[in-house]
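**Q** No letters, just coordinates:
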């Protein structure tokens, strides 16, 4: 993972709140603004994710938060995952934003964890990686949920790692690979890894000449994956590149890809097609009014 | 729907692009920057949504776009939904952002359309409505997709329509309804509708005294929905409030809720638990170089 | 009104401060930066408005504030409406921004309150509503002042309520009304009210066929308003639409429009042509220096 | 005045538009989106101001604009001050933002021009200056309107010109002036002018020792202004400071302050208490549809 | 100098931090997040500048700071210029941003101070002024460092002071000066000073007719400077304009320009060609863990 | 390098312009706004850098640009590096912003090129790398200049590459390396390289156990560098890590570090202590007025 100072997240989280508040919460203005105790309760089991963000947002709104859980913990239906103490209006006004963050991130973490567990049970060490197929504007949070679930974020964006794909090869033309080889050495920083995506065995053979750090086998049949692994092992005299497989792999068919030698399985569905985990906020009671606090 | 000047969307779309570009696209810098023709092709059938946004973003990047489809059209696997002509690097650098928009929005529109069709086939006029359970920062686009799919956006945010829910009632205390009645009349603008959510028939009876524009029956059994409709019809002498049902309704169980008298079915899963529709971008060929164009 | 979390207002208020500070306050840098007590005093009588915003801004600048007044209270010349304790330079540097907020908002609230009082004295229940004729960038605050004065904000923006006006009718052509009727039902969310503006009695008759929630009689003579009310009552069998009158109504001629049956009078001048209420900030004394506080 | 590249204003103007559009214009979505010709017509006479900003905003929205007028021109009731050609929806959606800019700025320019003319008729050369009593967030535009009306903007913000006022003097204590003198020389850049505000003749005498570039006589009676001018002339051997008078001067009492020797009269009401000039937008006709243009 | 409320700087400083954090600090995530004591130590002697900004940023990140130094103090190699107490990860993540601010600003302040001292030693009162040749986006901070070093900021931007240069004169044509004279009087606010840059003695003579507040002698030989001073003294009967010299003056050749009568020497190199002062951050020890603090 | 869509740079560049324009250019408002031809001319020899950014900014301001040079070309004193055609006021108002970009970036590129050339002449292939010691807010541009000069950008920010430094080791305690080893494998994405900085030979031996991709020898004497290279070669059986040296290396002492086996020399001074290259803008002539163009 990577460390993010909470203060830098606060601004982003307040923008999410602003999207829901617009020019004010018409409904919470109709209730008294009193100190309350409220709980956020899970309505499904899964892996909790997003507590960290909920806390940053709520604290910035002067709501006290406490929790027995941390991001990544397993939760059961009915668990109180967050206890809040603060003024009623600000809690009601921020409820949906916080639940939306928790819902989506816990959905992603839960799904990722399930796949990671499946691999572990199969006795494999294959890494599950996400892709850049994320919701526009929400990638940081979705990649975070993948990591919390035990997956690898893979490239966060186009500045991360060189990844030569089909369309790049097409533009480079026939002698692509040797050109890439030269260009990579000349134009890419020594601080970056280089990955090449190939669509068949002949492309693979050419790609290996460029000594990439990672080879991605895209849409390969399981037979071809076996062949590819052999070729890679034979070609690379010293350190072989990491081997990543991708292309339409999902929780149904993943077993077929748990092939020894495959280091990474990347799956777009981790972030683009997940079911949310449901939570709800319940006001427990009105707290004794503390010395004048206006908000 | 609502009309949004394209110029106002451009800024937001460029922020989505910025999220993926970060400090530059390492890979597309390795290929020649030449004018190309590329197609975006659907890899599944469904309802296309997001073309409008793709066009605004691409035009702002000086990429020419044309399409035989409009948002809301039905597409089949293999359809060319967008043709692009522009410089290779900018097309490659914006590919994922555009596909991410199309994937998610088409997923939502497709699912909404399926449910709307189901209701029409059942001979009902019930409206399918989304909720505020959307991805933080992406709500505008997700509500747009619901509308394109034939659904109703419902409240866009907390400034839209008064909606008194369980937590509000709890804060208002015993005599809640009469207070709401007075407060709504005094504090809510005449330009706003008022909706009250009830969780059982006795709450319903109280709520009706406030003459809301809309009643939401939350988590009601189908039997109770029938009873509720009768109560509402008897109580409202002139114009009865609209009747909305919600709570765990999904594409599996929706049939049970197609009850005459139910005006609206609202479903969180329209936006929080959808499967994306897959698209890919393919470079078709390099175009003859036009008079010097630098970008 | 609508509830806005103070934290979301803080950013906006700091932008207002930034407009006045630019790259620094040249003058306050010439005085010692010591803890002081300063008062904001009213130089005219009226309705105070903007205290809430002043407090949020000052607190974010580490200035302690206290007040015996709340937004909406009546003030007299010489009243101390806000007491400040903080460092001299930050108080001097934010003085004008705070006074500008108070001046304009109190001006609007005072004028609105005067008109609301006039109507109450005439024994009427007519609502005074503002329009969208506000200062660009400052609408939220101006609508807030109208509400504090006892007026109705009316539409906050173009996403609020459908309002079909002359120019829309012109574009819709001859068969406008029936088209609107259909379109409204098909394209407008059930959560929104629909208002139609008419300029004469024949337009009114057509508009009523669309069963709008609100009818706006624009620039009607008082005689025509009487006729319109009769037509509306006769045409609407069940619930008649609300009746709003507008067009050049001001504090001089408003009495003529206090006609039974008129529910709302909307007036642009509430926000576009108001006289500010004057306030000034006076440093009372230098406070004993507390344990080292640097700001 | 000062030159501002149009591109830098565009962003600000689009933010004003965004305030009114929110998440879309519900009403203009109900009309066909066709090319139209529309006029903006004045409903009052006065000095037009804001055309420049209207043009920048409209052009950025792909609306063609033409006008026979320029900012500062005199207009009469019924004058077509701006002709627009563009798509109907974008014109309707931006109508109110543009009118709000024109209304307020023309109101300020008109009032300023009237006062400037009054002075000219009285055979004086006194400059009319505005203050920093402007609407938060809109100062640039309001100062622009003052200049268009023939007034002087005075300080745009706290980084402009040193201005020592009552509260500064109070903090500086007894020996204030000599300290200011030293500090100004030491701490203020040679590129800045220094102004001192005095409230009586004894303060004036002290202030003159600091050789300020400008002296502001605040709330002086006309008699005291005469005395002050004499003192200033006697004290300053070479170049006397400019003399500015201020404090409750308005269009009613300004004549009393047209005293030879007074160089500047500054008036807060120029920007804080003006009546807007009214304009309206009228769709003239639908234009023949040009080759496919989507927006 | 000019006073800037710390809160307004915080946002800007957090943006600088964000530039370095991007989507998180990969490395500090690998170490325990514990309370630590760390020192920032100077590795060179010079004038410290930027402490004020470091404190604002660190406080906003919940790091306690203390220092025995203030901006402008002389430091020696090995001095502990800032002591920090806070969580390890946030200190490591903000280290480089803070050091970069200190490095560059102390470099500028040190160089400015050296030149100011040189002039003082030569018994002159000439002011050293910076120019607008600053790093884009960082001007506020660089001008601040010049002031801390004892220099004059000169124009902060194009809204500060009128400065007529060679290119303006060229556009004004032959009769330039008289036109400027008129235009300045008519179009420039009385609150602004007017400076004219001349490139030879004949331009100087023309410029003096416009009675500018400041004359800039650009790229004059020392002989011509002497002549220019004479001309200026003779021409100006009452108060002569300030005399500024500029053009390729640096720490090598500055002595030649310490000519009596020269009021200001402006030097671009103060901000565009400075050597940074080096600092480093050293973790001293891990602090006893205080009652649970999560960040 | 990495590809950045020009549109994304435009916003940033306009912010730089805004810093200099503030609320308008007082001086260029005094000259006629006519179409002109102007040249930007180099006043020193060096490597030109920033043309790309100048073009994006100028085009967005409707100024036509042409050049015979590209970023990275060698220029001589007097070379016309950019020709502009546009309105006089916008060219004058943007002059300084453009020159400031060119000055600083060309200074960095020139210095980097000189060092790269030195190494090539010495027959070495050592890479020159920059650091994160850049001007806050301007890093993207400064790293770009390093690349143009032939250097390597090294880490753009803290999300790029894991880099374990002295302070991290101190927090990890005695058994640091083995912990890092495990943590890196578990917590760092396979897409990232890992670098470890060591301060002596014993740290080096420990670090090598973690099999980093890169080893940084910080502040090593040349003798110790020789020893370190031997140790690294002996320890790494297959692929040895890249070897980077850093710490006080500059253009004076760099020769000593051109040791075979050293892959990278990183130098903070490339960005933190450079001398700017000087350019000036000269108006050549006024162009014949083209059909009405207002800006």
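**A** Yes, it's here. Worth saying up front: this structure is predicted, and the values here are computed from it rather than measured. Numbering: from 1, shown residues only, chains lettered A, B, ... in the order given.

**Q** Surely residue A:239 is within a helix?
**A** No: using DSSP: H, G, I helix; E, B strand; the rest coil, the assignment for residue A:239 is coil, not a helix.

**Q** What score does it have for pLDDT?
**A** pLDDT, residue A:239: 83.

**Q** And residue A:166, by the same measure?
**A** For residue A:166, the pLDDT comes out at 91.

**Q** That one: how many residues sit nearby?
**A** Neighbourhood size, residue A:166 [other Cβ atoms under 10 Å in any protein chain shown]: 16. From N, CA and C alone the C-beta is placed, and that goes for glycine too.

**Q** Spit out the contact partners of it.
**A** Residue A:166 is in contact with A:197, A:199, A:218, counting by Cβ atoms under 8 Å, 6 or more residues apart in numbering or on different chains.

**Q** from these, which are also near chain B?
**A** When Cβ under 8 Å from any Cβ of the partner chain is applied, no member of the contacts of residue A:166 is adjacent to chain B.

**Q** Among those residues, name the ones in strands.
**A** In this view, these that belong to strands under DSSP state E are A:197, A:218.

**Q** Could you pick out the residues of chain A near chain F for me?
**A** Residues of chain A lying near chain F (Cβ under 8 Å from any Cβ): A:1-2, A:127, A:129, A:152-156, A:158-161, A:187, A:189-193, A:195, A:214, A:238-239, A:242, A:263-264.

**Q** Quick one: buried ones out of these?
**A** Among those, those buried by neighbour count (16 or more other Cβ atoms under 10 Å in any protein chain shown) are A:1-2, A:127, A:129, A:152-156, A:158-161, A:189-193, A:195, A:214, A:242, A:263-264.

**Q** Which of those residues fall in strands?
**A** Here DSSP E is the test, and those give A:127, A:129, A:195, A:214, A:242, A:264 as lying in strands.

**Q** and the two most separated of the residues you listed?
**A** Spatially, the most separated pair among those is A:127 and A:195, at 13.7 Å (Cβ to Cβ).

**Q** how long is stretch A:269-277 end to end?
**A** 16 Å (Cα to Cα, to the nearest Å).

**Q** separation between residue A:61 and residue F:214?
**A** 43 Å (Cβ to Cβ, to the nearest Å).

**Q** Then residue A:51?
**A** Taking Cβ to Cβ, one finds residue A:51 at 36 Å from residue F:214.

**Q** and residue A:20, how many neighbours?
**A** Applying other Cβ under 10 Å, we find 23 other residues in the vicinity of residue A:20.

**Q** ok, it - contacts?
**A** A:93, A:96-97, B:132, B:139, B:157-158.

**Q** ok, now residue A:280?
**A** A:40-41, A:43, A:99.

**Q** redo that, cut-off 10 Å
**A** Shown in contact with residue A:280 (Cβ atoms under 10 Å, 6 or more residues apart in numbering or on different chains): A:39-43, A:95, A:99, B:166-167.

**Q** next one: the helix or strand hosting it to chain centre, how far?
**A** Secondary-structure assignment from DSSP states H and E places residue A:280 in strand A:279-286. What separates the centre of strand A:279-286 from the centre of its chain is 29 Å, taken as Cα atoms, centre = their mean, to the nearest Å.

**Q** Stretch A:164-173 too?
**A** Distance of stretch A:164-173 from the chain centroid (Cα atoms, centre = their mean) equals 28 Å.

**Q** now stretch A:52-67
**A** Here stretch A:52-67 is found 22 Å from its chain centre; the criterion is Cα atoms, centre = their mean.

**Q** Can you list the buried residues in that stretch?
**A** Buried-residue list, stretch A:52-67, by 16+ other Cβ under 10 Å: A:52-58, A:60-61, A:63, A:65, A:67.

**Q** go on, stretch A:41-54?
**A** Within stretch A:41-54, the residues that qualify as buried are A:41-42, A:44, A:46-54, counting by 16+ other Cβ under 10 Å.

**Q** What ranges does the stretch 51-200 of chain A have for its helices?
**A** Secondary structure of the stretch 51-200 of chain A by DSSP state H, counting those that start in this stretch: the helices cover A:51-60, A:88-121, A:139-148, A:166-172, A:176-187.

**Q** For the shortest one, list every residue counted as buried.
**A** Looking back up the chat, that one is helix A:166-172. Applying 16+ other Cβ under 10 Å to helix A:166-172 flags A:166-172 as buried.

**Q** just the residues you listed now: which is nearest residue A:203?
**A** For the buried residues of helix A:166-172, the nearest to residue A:203 is residue A:169 (7.3 Å; Cβ to Cβ).

**Q** What pLDDT is listed against that closest one?
**A** pLDDT, residue A:169: 88.
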